[in-house]
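Undergrad: Dropping the sequence and predicted coords here.
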Amino acid sequence: MPQKANFSTTAAYAYVLCGWHTRSEIPLTSVPTSVRGGERVDIVIRIAHEHSRISRNAGPVVLKHSAERSLISIRDVADFEVVEGREIRIWPAVGVAQKDIEIFLFGPAWASLCHQRGLLPLHASAVAAGRGIAAFAGHSGAGKSTTAALLSSLDYELVADDVLPISFNHHSVPGAWPYLRRLKLRSDLIDQLALTPTGLVSETLDKEKYFVCPKQIADDRWSRLDRLYLLEIDPSVSGILISRITGADAVRALIDQTYHFQFIIGSGQFREHLAFCTLLASKIAVYRLRRPPYFDAGNELGSLICAHLEDGLT
């Protein structure tokens with residue numbers, strides 16, 4: 001049976017996510033707690049006790065966004081309200097498992113919070129490489145987590161899995177803090193890489209994947225983003241092909257791989273988002289990595305990407 005969420009309104013758990021000091025009324029799964037005391041609080045995650053702002057008859061999925069407030073409802077899981085990039089309020093469904101809530105808390109709710117704070121949550125996994133962060137973006141099933149796992153097995157430090165929140169520093173240099181430094185992998189890849197799973201991602205919503213602690217994780221510090229690989233499965237190719245993309249194609253790739261793009265549309269901020277992606281595309285190297293379907297994602301893929309990273313190709 002799925003473990004029901006244990007929502008305590010008195011316990012406060014401290015974390016650092018994306019460099020933000022976060023206090024939560026939920027003990028978050030697979031997220032290291034912060035042992036430092038007395039620091040500022042940037043983000044608060046609360047269990048709401050008043051009535052939800054979303055009607056019970058609104059539909060199975062509700063997404064309403066403005067620049068400062070997001071309302072997200074997932075039937076039989078939870079309602080979320082994200083306010084001014086500072087607070088996430090949660091209305092849990094009766095009997096819901098905590099891991100099911102976390103799928104949407106760490107996904108669209110946190111992405112909305114990043115958007116509100118002016119960051120780009122990229123649909124990407126990422127590792128720390130010699131020149132900075134290397135990100136691997138793509139739609140579901142493209143191999144983001146697989147690629148990050150392969151590189152992690154080759155001693156690259158994991159920065160994030162599935163979502164990479166990107167910001168610019170005061171010198172307009174793009175980079176990111178680590179986000180969720182654990183992998184979600186299928187059992188066949190776990191066996192192939194001789195990894196040890198720590199538990200199912202979900203017993204109801206995502207029963208095919210397991211959480212895995214990577215061999216190496218990046219330190220909690222902001223690092224420069226050096227490059228992005230756009231992962232694509234292409235039936236027309238017989239091997240792995242990597243090619244540089246620039247200009248409008250690179251900007252289009254960043255827009256296309258924006259996590260929870262519904263926020264951009266709902267909040268009317270496409271112009272600002274386009275400007276962000278245009279600047280980012282001018283600052284990093286963007287590549288398209290194509291591979292055929294049913295490709296055995298083993299040593300060949302990992303070795304090829306390692307060579308591309310280490311050879312300093314730009």
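TA: Yes, it's here.
Undergrad: Can you show me the strands along the stretch 201-314 of the chain?
TA: With strands called from DSSP state E, counting those that start in this stretch, the stretch 201-314 of the chain shows them at 209-212, 223-233, 241-245, 285-291.
Undergrad: Okay, buried residues for the first one please.
TA: When you say that, I think you mean strand 209-212. For strand 209-212, the neighbour count (16 or more other CB atoms under 10 Å) marks Lys209, Tyr210, Phe211, Val212 as buried. In short, each C-beta sits where N, CA and C put it, glycine included.
Undergrad: could these be laid out in CSV, adding pLDDT and distance to Ile245?
TA: Listed next are those as CSV, based on pLDDT from 0 to 100; distance: CB to CB, whole Å:
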residue, pLDDT, distance to Ile245
Lys209, 89, 29
Tyr210, 89, 33
Phe211, 89, 33
Val212, 90, 31
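Undergrad: So for Ser172, which of the strands of the stretch 201-314 of the chain sits nearest?
TA: Counting by CB to CB, Ser172 lies closest to strand 223-233 out of the strands of the stretch 201-314 of the chain; the figure is 11.4 Å.
Undergrad: how about that closest one: buried residues?
TA: Under 16+ other CB under 10 Å, the buried positions of strand 223-233 are Ser223, Leu225, Asp226, Arg227, Leu228, Tyr229, Leu230, Leu231, Glu232, Ile233.
Undergrad: same question, stretch 259-276
TA: So, applying 16+ other CB under 10 Å, buried residues of stretch 259-276: Tyr259, His260, Phe261, Gln262, Phe263, Ile264, Gly266, Ser267, Gln269, His273, Phe276.
Undergrad: now the end-to-end length of stretch 125-145.
TA: Stretch 125-145 has its terminal residues 6 Å apart, counting by CA to CA, to the nearest Å.
Undergrad: Quick check: mean pLDDT of that stretch?
TA: Stretch 125-145 shows a mean pLDDT of 93.
Undergrad: what about the nearest residue to Ile233 once chain neighbours are set aside, distance to Ser243?
TA: Counting by CB to CB, 6 or more residues apart in numbering, Ile233 lies nearest to Pro293, which is 5.4 Å off, once chain neighbours are set aside. Distance of Pro293 to Ser243, given as CB to CB, to the nearest Å: 19 Å.
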